[in-house]
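Undergrad: Predicted model and sequence follow; I will ask about them next.
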Amino acid sequence: MVDVIGGPSLPQERKLVTSIPGPKSQELLARKNAAVAAGVGVALPVSIVAAGGGVMVDADGNSLIDLGSGIAVTGVGNSAPAVVEAVTAQVQQFTHTCFTVTPYEGYVQVAEKLNELTPGDHEKRSALFNSGAEAVENAIKIARHYTKKNGVVVFDHAYHGRTNLTMGMTAKNMPYKDGFGPFAPEITRVATSYPYRDGLTGAEAAEVALTQIEKQVGAANLAAIIIEPIQGEGGFIAPAEGFLPALQEWATANGVVFILDEVQTGFARTGDLFAANHEGVVPDLVTTAKGIAGGLPLSAVTGRAEIMDSAHAGGLGGTYTGSPISCAAALATIETYEKENLAARASEIGAIITEFFTELQKTDDRIGDIRGRGAMMAVEFVESGSMKPAAALTGAIAKHAANEGVILLTCGTYGNVVRFLPPLSISDELLREGLQIVADALKANA
Ligand code: PLZ
């Protein structure tokens, strides 16, 4: 089976020829357990040999429906032809120089593109990195350097990464932080807007958060406020309308750098190129990664020129940051989003998911909340007749889906959210088939 070629020409079907995981996948899992550190867990132990469109094919010949995109990365689809072509050409040209030793055009082109496409029409600069966490770390470095202040405000349910600084910024203890401290100082967590659970308007939730900020930190000590426009790992929590603009206005009025972490929401995922655009919010800095480069590791900080240029030459960098291969992939990926109007496709996907679960909710009150935007949708499951998080049910749904050949991700502080992050290249038919299996799982766990 290893001779299967990935990309959109793979048969777009769900096909099970063994139970999941099949014998070859189990073999790999045994080797993984013997060779890979136990802390590196896997959600679904299938050994992938090819992927494309809306499917992933495993070593046993099973074809699974992909509703996760490797956590919102392969928006353009796995092995998208334009990405494969650009990467292949770049690899033949050169593979690495270290941009801060000897530069190359691809990096500059990606920076130009980001400066043009990210929210706001002010003068911008970008700096490229490898991972989302690294982008977040650098955004904080830059904000501190610019403001000459230390404080960082983050929110309940936030996720920003697994490095020391970003662990400290992340809300959830297990599995991200437990036993890995101590964490960096000067991070203060305040209330977020979680309409399903707090029942507040955006303005009311912002007042709660801003009061906490003023009482617990004070603008004079605060370098940055950072927030995901839709909180990802924390449960796909879309804030009530008006929450983000109120935070942004307060930050601007108080000399605090307002950072949007669009690592998960960015690049067409939510039905717009960036989630900030839905409410016309213009951040001072924005972090991006995941969907930026069709699966190759790349991340960025983009923002106001005067803030970005504050750090001294040599202050920002890293051996692999803005790899020429990743930059080639990013240029092809961004062009694909634009050419194929994938933001509009994300909206269509969101409409299908919303309609499907809204119908189901009429007869099953364990579907507590259906939320998100575009192809970043989630269902929060609760115990019947209450708002009590139903984590066991959520786990059972993901397990049922896996057994039936659907890669389905969960999330949420309470572990009771199923999230839908399909590649934007998935067909309506495959998407609907995947959703039906989730509905079947719900029935099977009545
Ligand atoms: N900011 C908003 O969603 C990564 C984490 C997967 P890295 N989310 C997926 C896992 O279990 O490690 C994320 C994010 C937001 C930052 C990050 C961090 O991005 O590329 O994983 O470092």
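TA: Looks like it came in fine. Quick caveat: nothing in here was measured; it's all calculated off a predicted structure.
Undergrad: For the longest helix seen in the chain, which helices and strands make contact with it?
TA: Counting by DSSP state H, the longest helix found in the chain is helix 342-361. Judged by 3 or more CB pairs under 8 Å, 6 or more residues apart in numbering; DSSP states H and E, the packing partners of helix 342-361 are strand 367-373, strand 376-381, helix 428-444. From N, CA and C alone the C-beta is placed, and that goes for glycine too.
Undergrad: now do 6 Å
TA: strand 367-373, strand 376-381 (3 or more CB pairs under 6 Å, 6 or more residues apart in numbering; DSSP states H and E).
Undergrad: is the first one anywhere near the ligand?
TA: This points to strand 367-373. No: with CB under 6 Å from any ligand atom as the criterion, the ligand is not reached by strand 367-373; the gap is at least 13.6 Å.
Undergrad: Quick one: residues in contact with that strand.
TA: With contacts defined as CB atoms under 6 Å, 6 or more residues apart in numbering, strand 367-373 is touched by 196, 236, 238, 270-271, 357, 361, 378-380, 382.
Undergrad: if we can go back for a sec, tell me the most buried of the helices and strands packed on helix 342-361?
TA: Highest mean neighbour count among the helices and strands packed on helix 342-361 (mean count of other CB atoms under 10 Å): strand 376-381, with a mean of 27.
Undergrad: Tell me the gap between that one and the middle of its chain.
TA: Centroid separation for strand 376-381 versus its chain: 14 Å, with CA atoms, centre = their mean, to the nearest Å.
Undergrad: Stretch 430-446 too?
TA: 24 Å.
Undergrad: again, but for stretch 46-58
TA: 20 Å.
Undergrad: Off-centre distance for stretch 237-256?
TA: Worked out by CA atoms, centre = their mean, stretch 237-256 lies 21 Å from the chain centre.
Undergrad: And stretch 78-95, by the same measure?
TA: For stretch 78-95, the distance to the chain centre is 23 Å (CA atoms, centre = their mean).
Undergrad: got the buried residues for it?
TA: 78-80, 82-84, 86-87, 90 (16 or more other CB atoms under 10 Å).
Undergrad: quick revisit: in ChimeraX, select just the buried ones from the contacts of strand 367-373.
TA: For the buried members of the contacts of strand 367-373, the matching ChimeraX selection, counting by 16+ other CB under 10 Å, is:
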select :196,236,238,270,271,357,378,379,380,382
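Undergrad: and the residue in the stretch 51-200 of the chain positioned nearest to the ligand, how far is that from H160?
TA: With CB to the nearest ligand atom as the measure, G132 is the residue of the stretch 51-200 of the chain nearest to the ligand, at 2.2 Å. From G132 across to H160, the span is 8 Å (CB to CB, to the nearest Å).
Undergrad: okay, the helices and strands packed on helix 342-361 in a markdown table with mean pLDDT next?
TA: Converted to a markdown table, the helices and strands packed on helix 342-361 look like this (pLDDT from 0 to 100):
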| stretch | mean pLDDT |
| --- | --- |
| strand 367-373 | 98 |
| strand 376-381 | 98 |
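Undergrad: Any chance of a markdown table for the ones you listed, columns distance to I426?
TA: As requested, the helices and strands packed on helix 342-361 are arranged in a markdown table below (distance: least, CB to CB, whole Å):
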| stretch | distance to I426 |
| --- | --- |
| strand 367-373 | 16 |
| strand 376-381 | 13 |
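Undergrad: among those, which is nearest E204?
TA: Nearest to E204 among the helices and strands packed on helix 342-361 is strand 367-373; the distance by CB to CB comes to 18.2 Å.
Undergrad: Each with direction, which strands does the helix or strand encompassing V154 pair with?
TA: Assigned by DSSP states H and E, V154 belongs to strand 151-155. When sheet partners are counted by DSSP bridges, strand 151-155 sits next to strand 187-190 (parallel), strand 222-227 (parallel).
Undergrad: quick one: contacts of the longest one?
TA: Identification of contacts with strand 222-227 by CB under 6 Å, 6+ apart yields 143-144, 147, 149, 151-155, 247, 251, 256-259, 261.
Undergrad: so where does V286 fall, helix or strand?
TA: Counting by DSSP H and E, V286 is found in strand 285-288.
Undergrad: ditto for L424
TA: Residue-wise, L424 maps onto no helix or strand under DSSP H and E.
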